Each structure stands twice: as structure tokens, then as C-alpha cells.
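Chemist: Sharing a model prediction with you, sequence too.
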Amino acid sequence: MVEDIATGRAEATEASVRVDGASAAGHTPLQYNPLPVATALAAAAALAACGGGGGGGGGFALTAASGSGTQAGSLSSLASTSTGQTYVYTQAKSDDEAARFLLQAQFSASEAEIAAVRSKGYLPWLGEQVDRDATQTGWDWIASKPYNTVNVDDMIWNQLMTAPDGFRKRAALALSEIFVVSATDIGSSWPDHMMAQYWDTLVRGVTGNFRQLLEDVTLNPAMGYYLNTKGNQKENAQGRQPDENYAREVMQLMTIGLYQLNPDGTLRTGADGAPLDTYTLDDVTNLARVFTGYDLDIRTDEKSGTAGAFTPPGATYTIEGNGWTTRPMALTASRHSTLEAKFLGATVPAGTDGKAALKIALDTLFNHPNVGPFICKQLIQRLVTSNPSPDYVKRVSDVFANNGAGVRGDMKSVFAAVVLDNEARSPAGLADANFGRLREPMLRFVQWARTFGAASATGNWKIGNLSRPNDQLGQSPLRSPSVFNFFRPGYVPPSTAIASVKMVAPEFQLVNETSVGGYVNYMQSALQKTTKDVNVAYASELALVLDPGALVRRLNLLLAANQLPASTVALITSALNTPAVSATSTDAVKLNRVYAAVLMVMASPSYLIQK
């Protein structure tokens, strides 16, 4: 059953599932009674019960397709790399192919975007996306609202659901799962502004350089709070030692990983066959000295009231202005360790000032041979497939090493290489049980909002933190439960076919019986038009409501790039025929048909597994 679910073949199950009154308390019934969504929900429940999905043999039998030539655009240097010169799939030859590309490169696929991709080609379309003018930042959005009326959750949902630069925001969300800071675990007088600034830092990093991103993250106030670099001080005679938290995590999670890697992401091993460590405890202890002496850059005028000091409504106290949330942490030389620091083969000589020491450390990390394969494999996992071939990883990490113009760490070229690679674009992946990834719950939710044009009645995007698995998504952006992200990139669902073939399925770390039911029940409520703040109108769907087949065809293309198998399409279409809907039916009846169609598509295994 596990392999059936992963490949969308769940025809064996004959159970039927009601989604009328069996949802969580307070959810409005869909009034399709009973609604036979067996293929979708029973399979999803079975998936949760056995702990994961995937499996099957086979490799990556890529097939050739017509089409060649170098595409122009702002990423033209990528085309000059050995990777770019071998791109076979440069143009979408069908709406299905265009939608599939868009759903990897951003959150959603509209009919207009599908047409644009088909007309322009993949690389020129991406070039336009990376060259787009900057949109309103998360910090500016919060700052534009009255004090304490919006928070970090409102900000990030607004950014993900409405920003016109969907590629940039999608890539930034992927970075947020590597450079993790959780809004749940920081505290200050301006936590929402601080997290918004951190998000903006990641957005800038999508089209910047990895070396600059690494420095911006290191000195960001939110990271300072989260991993203890804020206020971290040098050793003293009383036995105090620098906090090692950031030094450890910046190596383990943000740059080089635990084990030495080949350029294709495979492990390097010693003579005994065991993986070779990338760093030692001494490396951590020495590197920690570099990250001392930094603290928030709160300036005197911000404290005195001449530059934004603020008295909250109804309060008798004053807090400092929030300008410091937009600035990197500042160095106090007297608190910085000037002991010699040796790590990863580099040396910071004794007496080196803090800024010079930081440069040596970050340059060392940036130039380590592990960074390309370690980071690039995770970006492939986040955007395309959980188990990329070593050749795929190497091609992208080669672009990290050199974007075609002699630049290392050019992130816009790296992201482009991830989604343009032959392995990402080949139709062979559609039939390969080992290809693809489970869509994260928050990505499904954002896709729903963008696909159907969600709008906020108040303009404040009051959706909130959706981290509870029992009656929400079990995941919420910028709310990771730990520095290790919502799931580990190497997670293997135990006792599954995936485990038996030594593959990984990272997102399945979120999957269990509770989270499967919680997702379906939450979406059942969320997709309905009610008095809540954020809703969608379904104008295009209502125009097709009298033709269930046409309605399902539209949803299949926009939500799943036409990857639902014919059996699932037939099952959903058949379910929508009862009760009958006519031109004289009430708006409520018509909307119920739309709600049911969207829910069944978004709960089906072949939608949940993105290929």
C-alpha cells in the first residue's frame, strides 16, 4: 500500500469517507452526504498508519526530448556552464509541463503564468523573475500598520500569499528551512519586526551571494536571539567560555554538515568504510571565539526618545525604538575573544580584531568543498525531489562553485539550476516511483490561497499560527519547532518501502494519523467562504460548476499539473454529480460543489506527492 500511495495508485481501497459532519468541532459541513473520497482520504490514512510512503525499484532513466539552444536572460551566464549547455528541456511543450515547472519554481500556477512560461521558455521566464523590482518588505508591511495590530504570522502569510514575486518568496521559504530561526523561540520588545527583518534577509539572499547571506544571517538580531550570539562574551578568569551554539549549528546545519561529501553529495569514507567527520569538538570551541562580542545595535537616541522610543497605548513605560531590528548586531571589542582560533584548517591569529576574525571564519566556511553539495542537495529536496541522483546534485553544486562567470555562491543561478536540470524537467520522473516529494502542508495552503485569489477583508491577513497537527496544518512558516527544521533532510520513515531501499522522505516526519486528519479537517473549513478574515471567491470555478468534468480538469491542471490519474479524476467527477446542481441552484449549493472538488483534489495521494 505504501508504494501505491506514493505513485498515486490507491484503487485497491474501497472504503468511503464522510466529510460532512465528521470534521473537527466548529467546521461547517460540506453537505455532500456521503462523499466518496476513498482514494484520497483512506489512502492518506493508510499512509499515516504505516509511517510513510514511496519505495519501489528503478533508477533515473531519463529520456531525451527535442529542444536545444542557449536561452538569453539575466541568468545567461548559467547557460555557459557545462550544466547549462546540457539542458534538454528548455521549453514547455504543453500546459502540463509549464504547470509542473511553475509548481516547483514557485507556489502556484495560473493560466496566465502557464501561457507566459510556454511563450518565453524556462530560463527567460526565470530571468524575469530574478530581475523583478523589489516588492514591499515584511518589515515595511508591519511598520505600515498601527502598533500591535499585526504580528509575524500575519506578515508571513501576506508575503507568501500575495507577493507578485512568487519565485523569490518560494526560494526564501526554502532557505528558511536551512537557516532556521523560529518565531516561537525568540523574545524582545519588537519580536515581530525582528522576525520580519530576518525574513527580508532571506528574500534578499535568493538573488544575492551565499557568502553575503551567511554574514547577514550571522549578524542578524533574530539569529542572535535564537542561537545565543547576542551578548555572547569572551572567556574570563572565572571560567566563563564563549557560547558554542551558533558555532556548532552554522557548521552542522547551514554550511558543511556533519560528514565530508564528494561534489555529488555522496559521503566520503575512510579506510574502515565509516563516514569522515567534517569538524571536531576543538573546531567548535575555537570557532565559537569568533562569534563573541556582538549585541543589538540599539543607539542612544533610540533609548532617549529622539529616534522612535515608544510608549505602548495604555502603558506607563517606554520601550526603545525599533530601528535596531533593521541593523546587524554591533561589535564591542572589549567583549570579543582575541585568543588564537584554529578550525577547519584555518587560523585566526591571536590579537585579531573581531571584524577581521569574522571574515576569516565566514570565508573559510564559504569556501569549504562541502558547502555546494550540502546546500544544493537540500534545495533540490525542498523544490523538486527527495532523492536526487548524485549526478543531479553535482550539476547544481558545480553551478554553486562557478555560475559561468567565475562567481562562487551566486544563489539566483543555483536556484535556477535546481529547477532547470534535466532530472527536474524530464517526463521520466512522472512515472518513477522514486521521484518527487511530499508537499508540505504550508505549501498546499499557500497554493490554495494563490490559485484561487485569496483576499483579506481587513488587509491584516489574520490566519495565525497553524502549527497544531490535530486541527490545523501541523506546520506554519517561520515556526519551526527546533533549529533542525520541521523535518530532517535525511529522515527515513521507519518500517516502510522507502526504508527498505535506503531512501529518504523528509516531509513524512510531519505525517501521522493526527496530522492527516487535522489537515483535511482544517482545509475543509478554510476553503469555504465564511465571515473569517481571509477568503477566496472561486469566480472561475463557479463559471464551470454545472460541468463537473470541466471543473475537475481545471483543478487538476492548476493544482496538480494534470498529474491526477484517470481513475482519481473519474472518482472525483462522479462524486460531484450528486447532488445535482443546475443553473437555478442556490449560490450555497453551487459553492458546495466547488468546495468538495477542491478538497478532494487536495486530499488525493497524487496531489500530495508532487512530481
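Modeler: Received it, and whenever you're ready, just let me know what you need.

Chemist: Regarding stretch 472-485, how distant is the last residue from the first?
Modeler: 18 Å (CA to CA, to the nearest Å).

Chemist: list the contacts for Leu253?
Modeler: Ile178, Val180, Val483, Phe484 (CB atoms under 8 Å, 6 or more residues apart in numbering). Bear in mind the C-beta positions are built from the backbone N, C-alpha and C, glycine included.

Chemist: Go ahead and confirm the last one touches Val180.
Modeler: Think Phe484. Yes: counting by CB atoms under 8 Å, Val180 is a contact partner of Phe484 at 7.4 Å.

Chemist: In terms of neighbours, single out the busier of these two.
Modeler: Higher neighbour count among Phe484 and Val180: Val180, with 22 against 15, using other CB atoms under 10 Å.

Chemist: Could you check how far that one is from Leu253?
Modeler: 7 Å (CB to CB, to the nearest Å).

Chemist: Now do the shared contacts for these two.
Modeler: In contact with both Val180 and Leu253: Val483, Phe484, using CB under 8 Å, 6+ apart.

Chemist: give me every residue that touches Leu287.
Modeler: Remark: with contacts taken as CB under 8 Å, 6+ apart, Leu287 is in contact with Ala247, Val250, Met251, Ala341, Phe343, Leu344, Ala361.

Chemist: nearest to Ser82, of these?
Modeler: Closest approach to Ser82 among the contacts of Leu287 (CB to CB): Leu344, at 28.2 Å.

Chemist: got a pLDDT number for the residue nearest to the closest one when sequence neighbours are not counted?
Modeler: Spatial nearest neighbour of Leu344, chain neighbours left out: Thr364 (5.4 Å); criterion: CB to CB, 6 or more residues apart in numbering. pLDDT recorded at Thr364 is 98.

Chemist: just for this protein, where's the confidence low?
Modeler: For the chain, applying pLDDT under 70 flags the ranges 1-73, 303-307.

Chemist: Kindly recompute the last result at 90.
Modeler: Across the chain, the ranges flagged by pLDDT under 90 are 1-77, 79-80, 84, 185, 187-189, 299-321, 529-531.

Chemist: All the strands of it, in order from the start?
Modeler: 294-295, 330-331, 341-343, 346-348, 437-438, 455-456, 534-535, 609-610 (DSSP state E).

Chemist: Residues contacting the fourth one, please?
Modeler: If I follow you right, that is strand 346-348. With CB under 8 Å, 6+ apart, strand 346-348 has contacts from Arg289, Val290, Glu340, Ala341, Lys342, Ala356, Ala357, Ile360, Ala361, Thr364.

Chemist: Also the third one?
Modeler: Residues lying outside strand 341-343 but in contact with it, judged by CB under 8 Å, 6+ apart, are 279, 282-284, 286-287, 289-290, 347-348, 357, 361, 364.

Chemist: need the helices for the stretch 301-450 of the chain, in chain order.
Modeler: In the stretch 301-450 of the chain, helices defined by DSSP state H, counting those that start in this stretch lie at 354-367, 371-383, 390-401, 411-420, 422-425, 441-451, listed in chain order.

Chemist: Export those to CSV and append columns for mean neighbour count and distance to Asn512.
Modeler: Shown next, in CSV, are the helices of the stretch 301-450 of the chain (neighbours: other CB atoms under 10 Å; distance: least, CB to CB, whole Å):
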stretch, mean neighbour count, distance to Asn512
helix 354-367, 18, 36
helix 371-383, 25, 21
helix 390-401, 24, 30
helix 411-420, 26, 29
helix 422-425, 23, 29
helix 441-451, 23, 12
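
Chemist: Of those helices, give the one that comes closest to Tyr607.
Modeler: Using CB to CB, these put helix 441-451 closest to Tyr607, at 8.2 Å.

Chemist: Mind giving me the packing neighbours of the closest one?
Modeler: helix 152-162, helix 513-526, helix 548-560, helix 587-603 (3 or more CB pairs under 8 Å, 6 or more residues apart in numbering; DSSP states H and E).

Chemist: One more pass at 7 Å, please.
Modeler: Helices and strands touching helix 441-451, by 3 or more CB pairs under 7 Å, 6 or more residues apart in numbering; DSSP states H and E, are helix 152-162, helix 548-560.

Chemist: Could you look over these and pick the most buried one?
Modeler: helix 152-162 (a mean of 24; mean count of other CB atoms under 10 Å).

Chemist: and it, how far from the chain's centre?
Modeler: 14 Å (CA atoms, centre = their mean, to the nearest Å).

Chemist: What of stretch 211-220?
Modeler: 19 Å.

Chemist: try stretch 596-607
Modeler: 21 Å.

Chemist: could I have it exported to CSV, CA atoms only?
Modeler: This file holds the C-alpha atoms of stretch 596-607, laid out as CSV (Å, rounded to 0.1, in the frame of the first residue of the first chain):
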residue,chain,number,x,y,z
ALA,A,596,-16.0,19.4,-2.5
ALA,A,597,-14.0,19.4,-5.7
VAL,A,598,-11.1,21.4,-4.3
LEU,A,599,-11.0,19.3,-1.1
MET,A,600,-11.0,16.0,-2.9
VAL,A,601,-8.2,17.1,-5.2
MET,A,602,-6.1,18.5,-2.4
ALA,A,603,-6.5,15.3,-0.3
SER,A,604,-5.7,12.9,-3.1
PRO,A,605,-2.4,11.0,-3.0
SER,A,606,-1.4,12.0,-6.5
TYR,A,607,-1.7,15.7,-5.5
